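Novice: Just the structure for this:
(one chain, ligands or ions: 1)
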Amino acid sequence: MAANADKFDLIVIGSGPGGYKSAVTAAHLGARVALIEKGLPGGTCLNQGCIPKKTLLHLATLIEDVNALNGRGLIGEVRGDFKAAMAHKDSVVASMRENFPFWLKRLGIRVFNGHGRFRDARSVIVEPAPGSAVNNTPQIIHAERIIIATGAVPRQHPACPTDGDRILSSSDFMLGLNSLPDSVLCVGGGAIGTELGFLLHQFGSRVTIVAKSDRLLPKSAIPERAADMLERKFRRVGIDVRKNMTVTRADVDTAGVTVTFSDSSQERYERILVAIGRRPLTEGLDLEKAGVEQDANGFIITTEYLETTAHGVYAVGDVKAGPMTANAALHDAKIAATNAITGNQHRNNYHRVPIVIDSALEIAAVGLTEELADDAGFEPDAARANFAGSAKARARHDYEGFIEVVHDEETGQLLGGCIVGPEAGEQIHMLAAACQSDRGLWFFRDISYTHPSWCEELENAINPCTSEFTKSGKTIFRPGIYFSAYD
Ligand code: FAD
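Specialist: Below you'll find the model as predicted:
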């Protein structure tokens, strides 16, 4: 292990989920780690993304859940207080941010506050953050391995560039919006547009979501059935959804914005929220000094071991191509840090990484959709159950949603699936675990469930399929040492 104060086994640039998880994984492997952060500790995820969003959406969902039970044992309606909700969100984020340095210090990780840029593939120059009280001179630190985890920033829309006031990015929203707009246009029908749109609706804004595509949510991960169900709910609760449409012009004045759509219609909104994706953040890294190359879209090119075009330099999270979620960044980090410290042995596999959308419905998916499985050459079939038949859903008076388990019709191999309904983001872990097991569909039959529970619907979904397989005499998955009580 390295001994000098400026020499480390691993340098990590960026402290979002990709960065801190890389640092922590390497520290657990006994490595001496430096972590450089130029902004707020925790990155987008903690400060402008997952955590503030989840805090606010919990309130938004509670409003709906409680009001649905008004007259069914609860009395009275609840309403949201946007200003107080934003203050609550700030305190949640601040408390997590305060703990962050202590957590890293306990693990022996040395944190540098400043902008990191490559000197070469084995050393990084840290320019202290402006106004740094400790030291204002750049410092050079060295390591045999470096991980780039600098994330991404919101993409700009040519017809409505953000101004931080009337036209906001998701970061402007999270860091600066302190009063509820009367009306909002969300540009983009992906995860962020549908989540923040629902949130604003629940607190009382008039919300329109405009999507360039013919459906909501990413086709690469979420089945059409789930996207359609979300859209139907949006329409039912009064969120206006405009598909196959773009914004061609946005005229800002002192009272709001006049928006022109691609069908030439015009509408007034108090504010616009632009959520059309994010672009990798590599500015000022001096990647060329290390020999790190980018693709045509600016993403850092990596191998399946997450090593870049420079030997010993790795990239994780949003700055490289792949799903732009904290879930994927955390997955990358474990792989890249382990490879960096113990040699390239582990490959990334995004089929294993779930995605969750927290909107008017909670939607979680893992692996392949039926359409993608078909494209990949499988003979896909989907086993399904609706929560309308679930005892837990009935007890909670919350039964909109379904479970879809995608498997190969010939062998019962699990390929992926989707869950729409309460706690889908938790339930999906079970589906992910099943996909990674060698039991295929039989994984769900092997388990003993609590009753009533959401997860028991997984077994109800697959029962007809396993029963058919058993009768068919087809070659199916056989148990390993963890044999099932039923075989
Ligand atoms: P980031 O979290 O962006 O961190 C990068 C860090 O690197 C930043 O702190 C930055 O300051 C620092 N940095 C950049 N350049 C330098 C430099 N040269 N020197 C030093 N430091 C540098 N994902 C989910 O999985 N679940 C969710 O619920 C979810 N909700 C989201 C909601 C919103 C509104 C948004 C915007 C995103 C959401 N995401 C969610 C996506 C998730 O936040 C990102 O995918 C994730 O944060 C990416 O992690 P990262 O480590 O790659 O980068």
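Novice: Could you tell me the phi and psi values at the closest residue to V356 other than its chain neighbours?
Specialist: Spatially, and ignoring its direct neighbours in sequence, V356 is nearest to G425 (3.9 Å; Cβ to Cβ, 6 or more residues apart in numbering). For every residue, glycine as well, the C-beta is placed using N, CA and C. According to degrees, to the nearest 10, the main-chain angles of G425 amount to phi -70, psi -20.
Novice: Just give the number of residues close to G425.
Specialist: 18 (other Cβ atoms under 10 Å).
Novice: Please renumber the chain so that the first residue is 58 from this point on.
Specialist: Got it, the first residue is 58 from now on, which makes the last one we talked about G482.
Novice: could you list every residue that touches the residue of the stretch 258-407 of the chain found nearest the ligand?
Specialist: Residue of the stretch 258-407 of the chain nearest the ligand, by Cβ to the nearest ligand atom: G374 (2.1 Å). Residues near G374 by Cβ atoms under 8 Å, 6 or more residues apart in numbering: G71, G73, P74, G75, G76, A206, G208, A385, A386, D389, A390.
Novice: Now do A386: how many residues are near it, please.
Specialist: Other residues near A386 number 30, with proximity taken as other Cβ under 10 Å.
Novice: residues in contact with it?
Specialist: G73, P74, G75, K78, C102, A206, V373, G374, D375.
Novice: can I get the residues you listed in TSV with secondary structure and pLDDT?
Specialist: Output for the contacts of A386, formatted as TSV (DSSP: H, G, I helix; E, B strand; the rest coil; pLDDT from 0 to 100):
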residue	secondary structure	pLDDT
G73	coil	98
P74	helix	98
G75	helix	98
K78	helix	98
C102	helix	98
A206	coil	99
V373	coil	98
G374	helix	98
D375	helix	98
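Novice: one step back: name the nearest residue to the residue of the stretch 258-407 of the chain closest to the ligand, ignoring sequence neighbours.
Specialist: Distance criterion Cβ to Cβ, 6+ apart; nearest residue to G374, sequence neighbours excluded, is G75 at 2.8 Å.
Novice: My guess is the one you found contacts G208. True?
Specialist: Yes: when contacts are counted by Cβ atoms under 8 Å, G75 is listed as touching G208 (7.1 Å).
Novice: Need the overlap of contacts for the two.
Specialist: With contacts defined as Cβ under 8 Å, 6+ apart, the residues adjacent to both G75 and G208 are G100, G374, D375, V376.
Novice: Now do the contacts for the last one.
Specialist: Taking Cβ under 8 Å, 6+ apart as the definition of contact, the neighbours of V376 are G71, G75, I205, A206, T207, G208, A209, P337, L338, T339, F356, I357.
Novice: Tell me, how many residues neighbour the nearest residue to it once chain neighbours are set aside?
Specialist: The spatial neighbour of V376 that comes closest, neighbours along the chain excluded (Cβ to Cβ, 6+ apart), is P337 at 4.6 Å. Other residues lying near P337 total 23 when counted by other Cβ under 10 Å.
Novice: Is P337 bridged to anything, and to what?
Specialist: In this structure, P337 has beta-bridge partners A209, where bridges are defined by DSSP bridges.
Novice: dump the residue contacts of it.
Specialist: Contacts for P337 (Cβ under 8 Å, 6+ apart) come out as T207, G208, A209, Q351, N354, G355, F356, I357, D375, V376, K377.
Novice: how about a cut-off of 7 Å?
Specialist: Contacts of P337 were listed using Cβ atoms under 7 Å, 6 or more residues apart in numbering, and they are A209, G355, F356, I357, D375, V376.
Novice: Mind checking which of those are buried?
Specialist: Neighbour counting with 16 or more other Cβ atoms under 10 Å marks A209, F356, I357, D375, V376 as buried within the contacts of P337.
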